[in-house]
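Undergrad: 3D model of this:
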Amino acid sequence: MKNYKLLIQYDGTNYAGWQIQKNAITVQQVITEALKTLLKVDINLIGSGRTDSGVHALGQVANFRTENIINIYRFKHSLNAILPSDISIIKMEEVYKDFHARFDARKRSYIYLISQIKSPFYKNYSYFYPSKIDLEKLNSLTKYFLGEKDYTSFSKKNNEIENKNCTVFDLRWRKNGDLILFYIKANRFLHGMVRTVVGTMLNAQTSENPVQLIIDIFKSQNREEASEAMPSKGLFLYKVEY
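TA: Below you'll find the predicted structure:
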(Lines give C-alpha, C1' and ligand atoms only; values in the text may rest on other atoms or scores of the structure.)
Protein backbone atom coordinates (compact mmCIF):
# COMPACT_ATOMS: atom_id res chain seq x y z
CA MET A 1 0.00 0.00 0.00
CA LYS A 2 1.43 3.37 -1.09
CA ASN A 3 0.68 6.69 0.62
CA TYR A 4 0.66 9.92 -1.37
CA LYS A 5 0.65 13.50 -0.15
CA LEU A 6 -0.93 16.33 -2.14
CA LEU A 7 -0.34 20.09 -1.85
CA ILE A 8 -3.53 21.74 -3.06
CA GLN A 9 -4.66 25.24 -4.00
CA TYR A 10 -8.28 26.16 -4.58
CA ASP A 11 -10.63 29.06 -5.08
CA GLY A 12 -13.40 28.31 -2.59
CA THR A 13 -15.96 30.67 -4.13
CA ASN A 14 -18.10 27.93 -5.68
CA TYR A 15 -17.71 25.32 -2.94
CA ALA A 16 -19.43 24.59 0.37
CA GLY A 17 -16.04 24.22 2.03
CA TRP A 18 -13.52 21.39 2.03
CA GLN A 19 -15.30 18.50 3.73
CA ILE A 20 -17.71 16.20 1.86
CA GLN A 21 -21.35 17.01 2.66
CA LYS A 22 -24.77 15.88 1.54
CA ASN A 23 -26.47 18.02 -1.11
CA ALA A 24 -23.48 20.33 -1.59
CA ILE A 25 -20.38 20.44 -3.78
CA THR A 26 -17.12 20.48 -1.83
CA VAL A 27 -13.43 20.51 -2.71
CA GLN A 28 -12.76 17.14 -1.06
CA GLN A 29 -15.59 15.57 -3.05
CA VAL A 30 -14.36 16.90 -6.40
CA ILE A 31 -10.78 15.73 -5.85
CA THR A 32 -11.92 12.35 -4.51
CA GLU A 33 -14.07 11.77 -7.59
CA ALA A 34 -11.16 12.74 -9.86
CA LEU A 35 -8.86 10.29 -8.05
CA LYS A 36 -11.44 7.54 -8.40
CA THR A 37 -11.75 8.24 -12.13
CA LEU A 38 -8.01 7.78 -12.62
CA LEU A 39 -7.41 4.90 -10.20
CA LYS A 40 -10.68 2.99 -10.84
CA VAL A 41 -11.08 2.31 -7.09
CA ASP A 42 -12.69 4.10 -4.15
CA ILE A 43 -10.33 6.55 -2.44
CA ASN A 44 -10.32 7.97 1.09
CA LEU A 45 -8.86 11.46 0.76
CA ILE A 46 -7.73 12.85 4.14
CA GLY A 47 -7.39 16.63 4.46
CA SER A 48 -5.31 18.53 7.00
CA GLY A 49 -8.46 20.27 8.19
CA ARG A 50 -11.75 21.78 7.14
CA THR A 51 -12.17 25.12 5.47
CA ASP A 52 -15.59 26.78 5.55
CA SER A 53 -17.81 27.60 2.62
CA GLY A 54 -16.19 30.22 0.38
CA VAL A 55 -12.77 30.00 2.02
CA HIS A 56 -9.76 29.61 -0.26
CA ALA A 57 -6.51 27.67 0.11
CA LEU A 58 -2.95 28.37 -0.96
CA GLY A 59 -1.53 25.38 0.90
CA GLN A 60 -4.09 22.74 1.80
CA VAL A 61 -2.53 19.30 2.38
CA ALA A 62 -4.19 15.93 1.89
CA ASN A 63 -3.13 12.31 1.56
CA PHE A 64 -4.56 9.09 0.17
CA ARG A 65 -3.50 5.45 0.10
CA THR A 66 -3.70 3.07 -2.82
CA GLU A 67 -2.28 -0.24 -4.00
CA ASN A 68 -1.98 1.14 -7.52
CA ILE A 69 1.51 1.84 -8.83
CA ILE A 70 1.65 5.53 -9.71
CA ASN A 71 4.00 7.53 -11.89
CA ILE A 72 3.80 10.71 -9.85
CA TYR A 73 4.73 13.14 -12.64
CA ARG A 74 2.23 11.73 -15.11
CA PHE A 75 -0.48 11.18 -12.51
CA LYS A 76 -0.28 14.77 -11.20
CA HIS A 77 -0.58 16.06 -14.77
CA SER A 78 -3.58 13.81 -15.45
CA LEU A 79 -5.26 14.77 -12.18
CA ASN A 80 -4.94 18.48 -12.90
CA ALA A 81 -6.26 17.90 -16.41
CA ILE A 82 -9.60 16.57 -15.14
CA LEU A 83 -9.97 18.86 -12.14
CA PRO A 84 -11.85 22.14 -12.65
CA SER A 85 -9.83 25.32 -13.13
CA ASP A 86 -10.48 26.48 -9.57
CA ILE A 87 -8.70 23.48 -8.00
CA SER A 88 -5.03 22.68 -8.60
CA ILE A 89 -2.59 20.05 -7.33
CA ILE A 90 0.63 22.00 -6.84
CA LYS A 91 2.77 19.11 -5.62
CA MET A 92 2.46 15.35 -5.20
CA GLU A 93 4.88 13.03 -3.43
CA GLU A 94 5.04 9.59 -1.87
CA VAL A 95 5.29 9.66 1.93
CA TYR A 96 5.75 7.08 4.67
CA LYS A 97 2.82 4.71 5.10
CA ASP A 98 1.61 6.11 8.44
CA PHE A 99 1.57 9.78 7.39
CA HIS A 100 -1.79 11.39 8.19
CA ALA A 101 -2.50 14.86 6.79
CA ARG A 102 -4.68 15.86 9.73
CA PHE A 103 -3.23 14.16 12.79
CA ASP A 104 0.42 14.77 11.89
CA ALA A 105 -0.06 18.53 11.31
CA ARG A 106 1.69 20.60 13.99
CA LYS A 107 1.00 24.17 12.89
CA ARG A 108 -1.44 25.80 10.49
CA SER A 109 -1.45 29.37 9.23
CA TYR A 110 -4.09 31.54 7.60
CA ILE A 111 -4.11 34.95 5.97
CA TYR A 112 -7.04 37.32 5.64
CA LEU A 113 -7.05 40.01 2.95
CA ILE A 114 -8.77 43.38 3.27
CA SER A 115 -9.01 45.79 0.36
CA GLN A 116 -8.98 49.53 0.99
CA ILE A 117 -10.21 50.30 -2.52
CA LYS A 118 -13.23 49.04 -4.43
CA SER A 119 -11.64 46.86 -7.10
CA PRO A 120 -13.29 44.28 -9.39
CA PHE A 121 -10.06 42.28 -9.21
CA TYR A 122 -10.10 41.99 -5.42
CA LYS A 123 -13.83 41.45 -4.83
CA ASN A 124 -13.76 37.61 -4.72
CA TYR A 125 -10.61 37.38 -2.61
CA SER A 126 -10.77 40.19 -0.08
CA TYR A 127 -13.16 42.16 2.08
CA PHE A 128 -13.71 45.77 1.03
CA TYR A 129 -13.18 47.93 4.13
CA PRO A 130 -12.81 51.63 3.22
CA SER A 131 -12.61 52.86 6.84
CA LYS A 132 -9.31 53.76 8.44
CA ILE A 133 -7.14 50.89 9.66
CA ASP A 134 -4.55 51.71 12.31
CA LEU A 135 -1.88 49.07 11.75
CA GLU A 136 0.28 50.30 14.62
CA LYS A 137 -2.61 49.95 17.08
CA LEU A 138 -3.66 46.56 15.67
CA ASN A 139 -0.14 45.17 15.96
CA SER A 140 0.09 46.44 19.54
CA LEU A 141 -2.99 44.32 20.34
CA THR A 142 -1.69 41.08 18.85
CA LYS A 143 0.16 40.07 22.04
CA TYR A 144 -3.18 39.55 23.80
CA PHE A 145 -3.98 36.70 21.41
CA LEU A 146 -0.63 34.90 21.63
CA GLY A 147 0.03 31.73 23.59
CA GLU A 148 -2.45 29.11 24.76
CA LYS A 149 -5.90 30.58 25.36
CA ASP A 150 -9.52 29.49 25.45
CA TYR A 151 -11.01 30.72 22.15
CA THR A 152 -14.65 29.90 22.98
CA SER A 153 -15.65 33.54 22.42
CA PHE A 154 -14.17 33.50 18.92
CA SER A 155 -15.73 30.31 17.54
CA LYS A 156 -19.13 29.12 16.43
CA LYS A 157 -20.96 27.12 19.06
CA ASN A 158 -20.12 23.42 18.78
CA ASN A 159 -21.06 21.17 21.65
CA GLU A 160 -19.08 18.29 20.12
CA ILE A 161 -15.78 20.03 20.79
CA GLU A 162 -15.07 20.31 24.53
CA ASN A 163 -11.53 21.67 24.33
CA LYS A 164 -11.56 25.20 22.93
CA ASN A 165 -7.92 25.94 23.81
CA CYS A 166 -5.67 27.00 20.93
CA THR A 167 -2.01 27.96 20.99
CA VAL A 168 -1.33 30.95 18.74
CA PHE A 169 2.35 31.25 17.77
CA ASP A 170 2.24 34.33 15.55
CA LEU A 171 -0.22 37.09 14.72
CA ARG A 172 0.43 40.26 12.74
CA TRP A 173 -0.92 42.90 10.39
CA ARG A 174 0.81 44.60 7.47
CA LYS A 175 0.03 46.68 4.41
CA ASN A 176 0.86 45.58 0.88
CA GLY A 177 -0.20 48.15 -1.71
CA ASP A 178 -3.98 48.53 -1.59
CA LEU A 179 -4.34 45.41 0.57
CA ILE A 180 -4.16 44.93 4.33
CA LEU A 181 -2.90 41.46 5.22
CA PHE A 182 -3.67 39.70 8.51
CA TYR A 183 -1.56 36.62 9.33
CA ILE A 184 -2.09 34.07 12.08
CA LYS A 185 -0.34 30.77 12.94
CA ALA A 186 -1.59 28.29 15.55
CA ASN A 187 -1.58 24.62 16.45
CA ARG A 188 -5.31 24.40 15.69
CA PHE A 189 -8.26 26.58 14.74
CA LEU A 190 -11.91 26.46 15.75
CA HIS A 191 -14.86 26.93 13.42
CA GLY A 192 -15.01 30.60 12.37
CA MET A 193 -12.15 31.57 14.68
CA VAL A 194 -9.90 33.49 12.28
CA ARG A 195 -12.69 35.57 10.75
CA THR A 196 -14.02 36.43 14.22
CA VAL A 197 -10.57 37.46 15.47
CA VAL A 198 -10.19 39.77 12.45
CA GLY A 199 -13.61 41.35 12.98
CA THR A 200 -13.02 41.79 16.71
CA MET A 201 -9.63 43.42 16.23
CA LEU A 202 -10.97 45.85 13.63
CA ASN A 203 -13.73 46.88 16.04
CA ALA A 204 -11.30 47.07 18.97
CA GLN A 205 -9.11 49.63 17.21
CA THR A 206 -11.93 52.18 17.54
CA SER A 207 -12.63 51.39 21.20
CA GLU A 208 -11.61 53.77 24.00
CA ASN A 209 -9.96 50.85 25.81
CA PRO A 210 -9.19 48.14 23.23
CA VAL A 211 -6.93 46.12 25.53
CA GLN A 212 -9.60 45.73 28.21
CA LEU A 213 -12.19 44.95 25.54
CA ILE A 214 -10.15 42.00 24.25
CA ILE A 215 -9.33 40.75 27.74
CA ASP A 216 -13.02 40.85 28.69
CA ILE A 217 -14.05 38.98 25.52
CA PHE A 218 -11.64 36.14 26.31
CA LYS A 219 -12.81 36.00 29.94
CA SER A 220 -16.49 35.89 29.00
CA GLN A 221 -16.16 32.65 27.00
CA ASN A 222 -19.25 33.88 25.17
CA ARG A 223 -19.41 34.09 21.38
CA GLU A 224 -21.92 36.95 21.59
CA GLU A 225 -19.31 39.20 23.21
CA ALA A 226 -16.96 39.07 20.21
CA SER A 227 -17.62 40.80 16.90
CA GLU A 228 -19.33 39.41 13.85
CA ALA A 229 -17.15 37.13 11.71
CA MET A 230 -15.74 38.69 8.56
CA PRO A 231 -16.88 37.34 5.16
CA SER A 232 -15.24 34.07 4.12
CA LYS A 233 -14.04 35.32 0.72
CA GLY A 234 -11.04 37.11 2.27
CA LEU A 235 -9.72 34.04 4.09
CA PHE A 236 -6.99 31.71 2.81
CA LEU A 237 -5.51 28.58 4.37
CA TYR A 238 -1.89 29.56 3.82
CA LYS A 239 0.32 26.74 5.07
CA VAL A 240 0.28 23.49 7.04
CA GLU A 241 3.48 22.48 8.87
CA TYR A 242 4.48 18.96 9.90
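
Undergrad: make it CA atoms for all contacts and neighbour counts henceforth
TA: Fine.

Undergrad: can you count the residues close to Ile215?
TA: 12 (other C-alpha atoms under 10 Å).

Undergrad: which residue packs closest to Leu6, ignoring adjacent ones?
TA: Nearest residue to Leu6 in three dimensions, chain neighbours excluded: Met92, at 4.7 Å (C-alpha to C-alpha, 6 or more residues apart in numbering).

Undergrad: now do the helix or strand containing Val211: distance to the chain's middle.
TA: Take DSSP states H and E as the rule and Val211 turns out to sit in helix 210-220. From the chain centre to the centre of helix 210-220 is a distance of 25 Å (C-alpha atoms, centre = their mean, to the nearest Å).

Undergrad: and the contacts of stretch 191-199?
TA: 52, 110, 112, 151, 154-156, 182, 184, 226-232, 235 (C-alpha atoms under 8 Å, 6 or more residues apart in numbering).

Undergrad: hmm, Val168 is touching Tyr183, no?
TA: No. Counting by C-alpha atoms under 8 Å, Val168 does not reach Tyr183; the two are 11.0 Å apart.

Undergrad: quick one, which of the two is more surrounded?
TA: Counted by other C-alpha under 10 Å, Val168 and Tyr183 do not tie: Val168 has more neighbours, with 21 against 18.

Undergrad: mind listing the residues bridging to that one?
TA: Gly147, Ala186 (DSSP bridges).

Undergrad: which residues touch it?
TA: 145-148, 184-187.

Undergrad: out of the residues you listed, which end up buried?
TA: 145-146, 184-187 (16 or more other C-alpha atoms under 10 Å).

Undergrad: tell me the one of those residues nearest Glu162?
TA: Relative to Glu162, the closest of these is Asn187; by C-alpha to C-alpha it sits at 16.3 Å.

Undergrad: which residue ranges of the protein form helices?
TA: 27-39, 72-82, 135-141, 193-204, 210-220 (DSSP state H).

Undergrad: can you tell me what sits against the longest one?
TA: Identification of contacts with helix 27-39 by C-alpha under 8 Å, 6+ apart yields 10, 12, 15-20, 42-45, 47, 68, 78-79, 82-83, 87.

Undergrad: skipping its backbone neighbours, what lies nearest Tyr122 in space?
TA: Tyr122 sits nearest to Ser115 (C-alpha to C-alpha, 6+ apart), 7.0 Å away.

Undergrad: tell me the pLDDT of Thr37.
TA: pLDDT, Thr37: 97.

Undergrad: surely Leu141 touches Gln212?
TA: No. Leu141 lies out of contact with Gln212 (C-alpha under 8 Å); the separation is 10.4 Å.

Undergrad: more neighbours: which of those two?
TA: Higher neighbour count among Leu141 and Gln212: Leu141, with 19 against 13, using other C-alpha under 10 Å.

Undergrad: so what's the nearest residue in space to the more buried one that is not next to it in sequence scoring on pLDDT?
TA: Nearest residue to Leu141 in three dimensions, chain neighbours excluded: Val211, at 6.8 Å (C-alpha to C-alpha, 6+ apart). Note for Val211: predicted pLDDT of 96.
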